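*Asks:* Here is the input, now give the coordinates:
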Amino acid sequence: MIDKIVMTAGVFDPVTIGHKSLFDKLCSTYSEVIIGVFDNAEKSPMFDKKTRIKAVMRAVREFQNVRVVDGKGLLADFAHDNKVDLIVKGYRNEKDYEYEHLQAVYNYYRGGVETELIKSEDDYSIVSSTLVREKIKKGEDIKSLLPEGVYELLFG
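*Replies:* Take a look at the predicted model:
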């Protein structure tokens, strides 16, 4: 176990098995993990923030070294204020990588916190919250795309 405080963050609308895979890696590798559930002014979430926080909490309930927090403001400031040693973000493809890389540079210059980018496993490379929301709107089955217990939380 590496003795560092790491943070990952996102909108998690909703949290997916791809997110869960990253959470599992972080919680198994680092001594303390913070998962920030943030809003994004460019997105209109399907699920309210309180529900998204509960869903992420459910996804990581087997780990003792994780905190799920209501992210406010900018990630760089939040990470700096919470003494985070490293921000870790996942990416699925080249487009994700370019976006996350730019954010990583910004976060470093604003808050002085390094970011590590981790490529998702191939099994999860097509899974995204956007895909899940599209399937929900079409009435398609999404249960296999969500971490255990999250479907029940979101839809009873």
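*Asks:* Remind me what the longest helix along the chain packs against, helices and strands.
*Replies:* Using DSSP state H, we find that the single longest helix of the chain is helix 94-111. The contact analysis (3 or more Cβ pairs under 8 Å, 6 or more residues apart in numbering; DSSP states H and E) places helix 94-111 against helix 75-81, strand 86-91, strand 114-119. Bear in mind the C-beta positions are built from the backbone N, C-alpha and C, glycine included.
*Asks:* most packed of those?
*Replies:* The highest average neighbour count among the helices and strands packed on helix 94-111, using mean count of other Cβ atoms under 10 Å, belongs to strand 86-91 at a mean of 21.
*Asks:* any idea of the mean pLDDT for it?
*Replies:* Here strand 86-91 scores 98 as its mean pLDDT.
*Asks:* And stretch 93-109, what's buried?
*Replies:* The neighbour-count check on stretch 93-109 (16 or more other Cβ atoms under 10 Å) flags 96, 100, 103, 104, 107 as buried.
*Asks:* Those: which two are farthest apart?
*Replies:* Distance extremes for the buried residues of stretch 93-109: the farthest pair is 96 and 107 at 15.7 Å, using Cβ to Cβ.
*Asks:* Determine the set of other helices and strands touching whichever helix or strand residue 19 is part of.
*Replies:* Per DSSP states H and E, residue 19 falls inside helix 17-29. Helices and strands touching helix 17-29, by 3+ Cβ pairs under 8 Å, 6+ apart, are strand 2-10, strand 30-37, helix 49-59, strand 66-70, strand 86-91.
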